[in-house]
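Asks: Pasting the sequence and the predicted coordinates here, then a few questions.
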Amino acid sequence: MHATRRRLISVVAISVTLLAGTATASVAVAADFPAPAPAGAGAAAAAPVENLIVGYKASASEASSNTAAADDAAAKSKKAGKKAKFDRRLGTGAALVNLGQAVAPADAADVIAQFRADPDVAYVEPDSRAYALAATPDDTDYAKQWDLFEPTAGMNVPAAWDKTTGSGVTVAVIDTGSVAHSDLAANTVAGYDFITSSTAARDGNGRDNNPADQGDWSAAGECSATSKASDSSWHGTHVAGTIAAATGNSKGIAGIAYNARIQPVRVLGKCGGATSDIVDAITWASGGTVPGVPANATPAKVINMSLGGSGACGTSYQNAINAAVGRGTTVVVAAGNSNADAAGFSPASCNNVINVAASNRTGDRSFYSNYGSIIDVAAPGGETRRATDTPGTVTTPENGILSTLNAGTTTPGAENYKPYQGTSMAAPHVAGLAALLVAAKPTLTPAQIESAIKTNARPLAGTCTGGCGTGLADATATVNAVATTPTTPTFQNTTDVAIGDNTTVESPITVTGVTGNAPATLKAGVTIAHTYTGDLKVDLVAPDGSVYTLHNRTGGSADNISQTYTVNASTEAANGTWKLRVNDNANGDTGKIDAWNLTF
C-alpha cells in the first residue's frame, strides 16, 4: 500500500528473525533489540540453502502438474550436478524444491541458474529463514502501560474504546505460536502450526492444527557457527497480549482491541522459520487455500508479522501479501531492529503492508528501530536499555512494552507479564488499531485502513532521524475520523477470471443505491496476477460503455498488478454495471483477475 510500487525482486537470499530484541542474524521478526545476525551484516548472504521456491509461468505445465514440476527439478539438478527434487506445492502455486541437504549459497547458485535460464520460470529464490526479534525477558517489575495512554508518547487508546473494542474481528499473529495464558484464553480462536520441520517445531510431527509454542531456545552454535545460546522468547504470546489481552478481568494488562480474537499461526521455531512456511501461513490466515491444510474457519481481517530479515522483498512474500490484501486482509509488519533503512529488509520492504517503526517513551525513534521513506507510521516499541548499554542488559524496564509472557527458559513454565522492546512490539499496536477500525466500519478496505492510520497520526514528540512515516499512530483520532466520516460505498468482485493468451476478459460489478453521478475521484482497486504485465491493457468500462484506461502494457515478468487507480468519472451515472476489461495481446504468458473494487 505504499504510494510508489517497487519492482519485485526475483532472487533474494535472506534469513528471517523476530523483531524484538537482541542482535543476532538475518530475516527478522520485530521485537526488542536489533535482528539476530549470527555473523554480522553479511550473515544472511552466507546462510546455507536447503530449499528453493520456484514460481512457474501460468502457461507452463509445471505450474499445475506436480509430476511435471518433479521431472523439471530432477532434470535441472542433474545438469547442475546436484540431487534436488520437488517437495510440495505452496499456497501461492509455487513449487518447493529440496536440494537434499543444506548447501552453501555458491553451490545452490548452480541449480538456481538452471531455473533462471528456463523461460517457463517466472522466478526462483532461496527458501530463507525467519527468526523472532524478541529480547530476553526483562525485569519482572510491573510497569504501567504508558504506551496506551501517556500524552507524550502513548498511542491515545482509551478514548477510542468509547466507540470500538474490536468485537467480531480476528487478528492472525504469524509468529512463534501461543503458550497458555489466562489473560489470552478467552480471546483466542483456533490457529495452525505451519512449521514443516519437526526438529525446528520441537513437536515431532511438523505441520498440524496445534499452534502451541514449544519454545524457540537454541544452544550456542546450533543455528549458525557464531550463534549464541538463547532462551525461549514466547514472542508470539507477547505480541498477542498487546493486541487483544482480556480487559476488565481484574488482572494483567489491557489489550488494544480487547474484544477481538487472536488466531495464533506458528511459523517460527528453533533457529527461526522458513519463507515457504510463512507465505503459506499468510495465505491460510487470510482465507486462501494451502494444499494439504484444512480451510481456515475464521479467516483474519488483520495479520500481524513481527518478523523479518535482511534483503529486499522477494516474489514469494509479495505474491502472498498481494493475495491476502486482495481478500480484504490488512497486513501489518515490523520495520526491523537494525537501526538501518527499512528498504533493505523483508517483509518490511514489501508493497501492500503497513510498515511500523518503533518509538520510545520520550517520543523519539527507538535507537534500534529501522527507519526510512518506506516507513508508514511509528508506534510505541519501548526501550528497556540505552543504545550505549551492553546488548541484552535491562536498565529501564518501566520504559518497555509490558505484555503477556511465560517464565519458562526453554519449555513452557508459569504464565507471567514482562516488558520487551522492539519493532515487534510496535507492530501489534498498529494491528490492534486496525482491528478497532474494522470493527467500527467493516466495509473499510485495507487501503482505507492504512490511509486512515497514516492520515490521523500525530507528530512524534521527539525526533526521528531517517524518517518515521507520518508520525505516531493515534488510536482515538483515527477511530473518530472513521466513525464520523460519511460512508463511501465500496463494491467488489473477488471471483477469479482467467486471462488467457491473446484474449479479452471482463469482470463485472453492479452498483446500486448510490445517488447521482460517480465522483471525480472514483477509486478502482485492482489485483491481477500475471506472468508478464507488459502484455496487458486494463480498462474500466462505465455502465454507458465509456472506457477509462488504467494500465497500458507496462511492467514485466512477475510484476503483478496490485494498485488503486483514481478516475474522474463525474460524468457517469454511479448506478449500473461497471466492468474491468483486460486484454492480453501476446503469446506465452497468462494470469487472472484476482479481485477488484470500486469506492465511490
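Replies: Yes, it's here.
Asks: Can you pull out the low-pLDDT segments for the chain?
Replies: Scanning the chain for pLDDT under 70 picks out 1-46, 131-143, 485-488, 558-559.
Asks: could you point out the longest helix in it?
Replies: helix 423-440 (DSSP state H).
Asks: what's the helix or strand just after that helix packed up against?
Replies: Remark: after helix 423-440, the chain's next helix or strand is helix 446-455, criterion DSSP states H and E. Counting contacts by 3 or more C-beta pairs under 8 Å, 6 or more residues apart in numbering; DSSP states H and E, helix 446-455 is packed against strand 330-334, strand 354-359, helix 423-440, helix 475-484. To be clear about C-beta, it is placed using only N, CA and C from the backbone, and glycine gets the same treatment.
Asks: Quick check: which of those is nearest to Arg207?
Replies: Arg207 lies closest, by C-beta to C-beta, to one member of these: strand 330-334, at 21.8 Å.
Asks: Given the helix or strand following the closest one, what are its sheet partners and their directions?
Replies: Sequence-wise, the next helix or strand downstream of strand 330-334 (DSSP H and E) is strand 345-346. Paired with strand 345-346 in the same sheet, following DSSP bridges, are strand 307-310 (antiparallel).
Asks: just the CA coordinates of the partner strand, formatted as PDB?
Replies: Presented in PDB, the C-alpha positions along strand 307-310 are these (Å, rounded to 0.1, in the frame of the first residue of the first chain):
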ATOM      1  CA  LEU A 307       9.200 -10.900  11.900                       C
ATOM      2  CA  GLY A 308      11.600 -10.200   9.000                       C
ATOM      3  CA  GLY A 309      15.200 -10.200   7.800                       C
ATOM      4  CA  SER A 310      17.700  -8.600   5.600                       C
END
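Asks: hang on, Ile253 packs against Leu184?
Replies: No. Using C-beta atoms under 8 Å, Ile253 is not in contact with Leu184; the gap is 10.3 Å.
Asks: okay, those two: which has more neighbours?
Replies: More neighbours surround Leu184 than the other of Ile253 and Leu184, with 24 against 21 (other C-beta atoms under 10 Å).
Asks: Could you tell me how far the more buried one is located from Ala379?
Replies: Leu184 sits 20 Å away from Ala379, going by C-beta to C-beta, to the nearest Å.
Asks: before we move on, what about Ala75?
Replies: Distance of Ala75 to Ala379, given as C-beta to C-beta: 49 Å.
Asks: likewise Trp234?
Replies: 21 Å.
Asks: Ok, Arg261 next?
Replies: The value you get for Arg261 to Ala379, if C-beta to C-beta is used, is 21 Å.
Asks: So which of those two has more stuff around it?
Replies: Remark: of Arg261 and Ala379, Ala379 carries more neighbours, 34 against 22, as counted by other C-beta under 10 Å.
Asks: Counting by contacts, list what the helix or strand containing the more buried one packs against.
Replies: With secondary structure defined by DSSP H and E, Ala379 is part of strand 377-380. Packing partners of strand 377-380 (3+ C-beta pairs under 8 Å, 6+ apart): strand 354-359, helix 423-440.
Asks: Give me the distance between the first one and the centre of its chain.
Replies: By that I understand strand 354-359. Mean-position distance between strand 354-359 and its chain equals 13 Å (C-alpha atoms, centre = their mean, to the nearest Å).
Asks: for it, packing partners?
Replies: Checking 3+ C-beta pairs under 8 Å, 6+ apart, strand 354-359 ends up next to strand 330-334, strand 377-380, helix 423-440, helix 446-455.
Asks: of these, which approaches Gly177 most closely?
Replies: helix 423-440 (14.7 Å).
Asks: quick one, the closest one and helix 475-484 angle?
Replies: Counting by axes from the mean of the first three to the mean of the last three C-alpha atoms, to 10 degrees, helix 423-440 lies at 20 degrees to helix 475-484.
Asks: now helix 423-440 against strand 330-334, angle please.
Replies: Using the same axes, to 10 degrees: helix 423-440 against strand 330-334 is 160 degrees.
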